[in-house]
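Chemist: Need the 3D shape of this:
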Amino acid sequence: MLGQVLRPLGELFQPKDYPALLVGLGAPDDAAVYRLNDTQAIVSTVDFFPPVVDDGYEFGAIAAANALSDVYAMGGEPLFAINLAAWPDDVDSAILSEVLRGGAEMVKTAGAAIAGGHTITDKEPKYGLAVTGLVHPDRIFTKGGAQPGDALILTKPLGTGTITTAIKRGQADEADARACVAGMMRLNRDASLAARALGSAVHAVTDITGFGLAGHAHEMAHLSGCALHLEYEALPWLPGALRYAEQWIFPGGSERNEHYYSRWVQWQRPLVDWQRRLLFDPQTSGGLLVAVAPGEAASLLQQAPGWIIGRAAVGEAGQLVVS
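Modeler: Residues are numbered from 1 along each chain as shown. Purely as a prediction, here's the structure:
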């Protein structure tokens, strides 16, 4: 459906007419990239959403980390960000101040600056950032490019969707909630730096967010023209994720993701319904999924936390094989 919505824009902005736009609607990715000169290109992205936790400061920090992640997924460094906020009239503005403080401190941690923003009145709180970063035009990470034999490395454990839903329902253990929040507040900067250090050995990168592992892995496989094989037992989970999933505690987005992306998933091992649903669990501020030459996988894992969860393989473009 999203492709149909965007089709008129793709027809209006033909890549041949904008040669400096290195990554845009013609090859959709985690962020747009526009060449400035031979050594510099601008990375531009935007992301915002309703609260995933009750604490205003933590929500702001999580939303900021999530938005910054798109720059890291492209191999760039953030320069500055613009606040985007929607706020109801009947919710204390002091909470919004805490949201903005959390976002600002996360941006500062990333070495960037808040340079302004825009706020509107809305029925539901929302917050996020428009982020501008910088990358070398010859060192851009994209979703496409994975090669058969590549190791697939995931740099954060999964399960934020089911855990944050349990938090909202008052069913999450405090320790599980804290571990989930800490993970969502962790920047993907170290993982991106580690991948950048490997140069051409890294063939494709994306971050795992709203489409879940299956959705974003499908995008990588589709744009790379290959299949991805995922090992279910190798997938890392946040504390409590499996327990809440077994209780069928999922956000609404998990069902939508499964309905759309399951057509590209081939199951080669018996899994019950909640185990399958976890692959479609929407993630907030999730980790990077990196396709790296198999001989360099250990080098990446020495520089940043991560797990080898599968490999790229010859096969139908976009196909996922879960064993």
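
Chemist: Run through the neighbouring helices and strands of the one helix or strand Ala182 maps to.
Modeler: Assessed by DSSP states H and E, Ala182 sits inside helix 174-184. Applying 3 or more C-beta pairs under 8 Å, 6 or more residues apart in numbering; DSSP states H and E, one finds that helix 174-184 contacts helix 56-73, helix 160-168. The C-beta positions use only the backbone N, C-alpha and C, and glycine is treated the same way.

Chemist: average pLDDT for that helix?
Modeler: Across helix 174-184, pLDDT averages out at 98.

Chemist: Output that helix in PDB, but only the C-alpha positions, please.
Modeler: What follows is helix 174-184, C-alpha atoms only, in PDB (Å, rounded to 0.1, in the frame of the first residue of the first chain):
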ATOM      1  CA  GLU A 174      10.200  -3.800  36.600                       C
ATOM      2  CA  ALA A 175      13.500  -5.400  35.700                       C
ATOM      3  CA  ASP A 176      12.300  -6.300  32.200                       C
ATOM      4  CA  ALA A 177      10.900  -2.800  31.700                       C
ATOM      5  CA  ARG A 178      14.200  -1.200  32.800                       C
ATOM      6  CA  ALA A 179      16.300  -3.500  30.500                       C
ATOM      7  CA  CYS A 180      14.000  -2.600  27.500                       C
ATOM      8  CA  VAL A 181      14.200   1.100  28.200                       C
ATOM      9  CA  ALA A 182      18.000   1.000  28.500                       C
ATOM     10  CA  GLY A 183      18.300  -0.800  25.200                       C
ATOM     11  CA  MET A 184      16.000   1.600  23.400                       C
END
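
Chemist: Following the chain past that helix, name the next helix or strand.
Modeler: Next along from helix 174-184, by DSSP H and E: helix 189-197.

Chemist: got a list of contacts for the helix holding Ala182?
Modeler: Helix 174-184 is touched from outside by 52-53, 58, 62, 65-66, 156-157, 159-160, 163-164, 166-167, 172, 238-240, 244, 284-285, with contacts defined as C-beta atoms under 8 Å, 6 or more residues apart in numbering.

Chemist: possible to save the helices and strands packed on helix 174-184 as a markdown table with mean neighbour count, mean pLDDT and distance to Ala201?
Modeler: Shown next, in a markdown table, are the helices and strands packed on helix 174-184 (neighbours: other C-beta atoms under 10 Å; pLDDT from 0 to 100; distance: least, C-beta to C-beta, whole Å):
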| stretch | mean neighbour count | mean pLDDT | distance to Ala201 |
| --- | --- | --- | --- |
| helix 56-73 | 27 | 98 | 17 |
| helix 160-168 | 25 | 97 | 29 |
